[in-house]
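Visitor: here is a sequence with its predicted model. Questions after.
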Amino acid sequence: MKVDLNKPAIIRALVITILFVILISCSDYIGRYINRIFILIIIFVVFISMIVSFVKGIVIIVRNRSDLSFSFFLPGLIYILVPILGSSIDFEKLQSKVVLRGCYEGTQNQAYILFREDHTFELNWTGVFFYDEWFTGKWNKKGDTIIMKYDNKIVHQFGNQVIIRNGYFKPVSNLSDTVKFPGAMFYVGYCKGES
């Protein structure tokens, strides 16, 4: 007698693998709202449940090896193929194109800022002891000056108005703390990993 695997095992495989792909691919975006450590814990739990479910599926296949159908193999294929295929999706393409970027590399912290074509920006500042903070808002450019309006609190190392000079973003607003941070900290371009 042929025993078919029930639909719940296939649905469970789809839910777990799709959740895993979303968490991995969108962790930067989710990290704006949820602490990154919490996201890593969730990813770890989902990954372990994928492994456990995959091993259970193999045990079921071995136990019923004399009378197998395709439905026995389908959850295992889902656990293997969905993460592989999902990793090829570039979620960055769903966002507005980056037209200008900058980077700061310190000894114990680093940050990057992206200015997008739709006149939004995002600045991500990370550091020791799992410090991870996002700053977002709108921007406009007049000549070599960029004026920013933050959605949340202001980054005092950057301020809300900068001039692009000699490959750096030089803060020029009264909202930047030029006493504590006298020089331009962010350079234009990709992070080089020099710190």
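Guide: Right, received. Where do you want to start? Keep in mind the model is a prediction, meaning the values are calculated, not measured. Numbers count the residues shown, from 1 in each chain.

Visitor: for K170, see how far away the most centrally placed residue in the chain is.
Guide: By Cα atoms, centre = their mean, the chain has its centre lying nearest to D28, at 1.9 Å. Relative to K170, D28 is positioned 27 Å away (Cβ to Cβ, to the nearest Å). (Glycine included, C-beta is placed from N, CA and C.)

Visitor: got any ranges where the protein has weak pLDDT?
Guide: Scanning the chain for pLDDT under 70 picks out the ranges 1-6, 68, 174-184, 194-195.

Visitor: how about the longest helix along it: buried residues?
Guide: As assigned by DSSP state H, the longest helix anywhere in the chain is helix 36-63. By neighbour count on 16 or more other Cβ atoms under 10 Å, the buried set for helix 36-63 is R36, I39, I42, V46, M50, S53, F54, G57, I60.

Visitor: where do the helices sit along this structure?
Guide: 7-25, 27-30, 36-63, 70-86.

Visitor: of the ones you listed, which is nearest T120?
Guide: Evaluated over these, closeness to T120 peaks at helix 27-30, with 12.9 Å, by Cβ to Cβ.

Visitor: so what touches that closest one?
Guide: By Cβ atoms under 8 Å, 6 or more residues apart in numbering, the residues outside helix 27-30 that reach it are L23, R36, I39, I43, F91, N124.

Visitor: domain ranges for this structure?
Guide: Domains of the chain are assigned by automatic domain parsing as 7-92, 95-188.

Visitor: check contacts around A13.
Guide: Contacts of A13 (Cβ under 8 Å, 6+ apart): S53, L74, P75, I78, Y79, V82.

Visitor: so how far is I42 from the nearest residue to the fourth one once chain neighbours are set aside?
Guide: What sits nearest to I78 in space, not counting adjacent residues and going by Cβ to Cβ, 6 or more residues apart in numbering, is A13, at 4.0 Å. A13 sits 18 Å away from I42, going by Cβ to Cβ.

Visitor: again, but for K142
Guide: Relative to I42, and taking Cβ to Cβ, K142 is found at 43 Å.

Visitor: what does V99 give?
Guide: For V99, the distance to I42 - Cβ to Cβ - is 33 Å.

Visitor: next: R116.
Guide: Counting by Cβ to Cβ - R116 and I42 are separated by 27 Å.

Visitor: now I80
Guide: I80 is 21 Å from I42, by Cβ to Cβ.

Visitor: repeat for R36
Guide: Taken as Cβ to Cβ, the span from R36 to I42 is 11 Å.

Visitor: V21 now?
Guide: Counting by Cβ to Cβ, the gap from V21 to I42 is 13 Å.

Visitor: cool, T17 as well?
Guide: 14 Å.

Visitor: tell me the contacts of the nearest residue to G86 once chain neighbours are set aside?
Guide: Using Cβ to Cβ, 6+ apart and skipping the chain neighbours, the partner closest in space to G86 is V21 (3.1 Å). For V21, the contact set (Cβ under 8 Å, 6+ apart) comprises V82, P83, G86, S87, I89.
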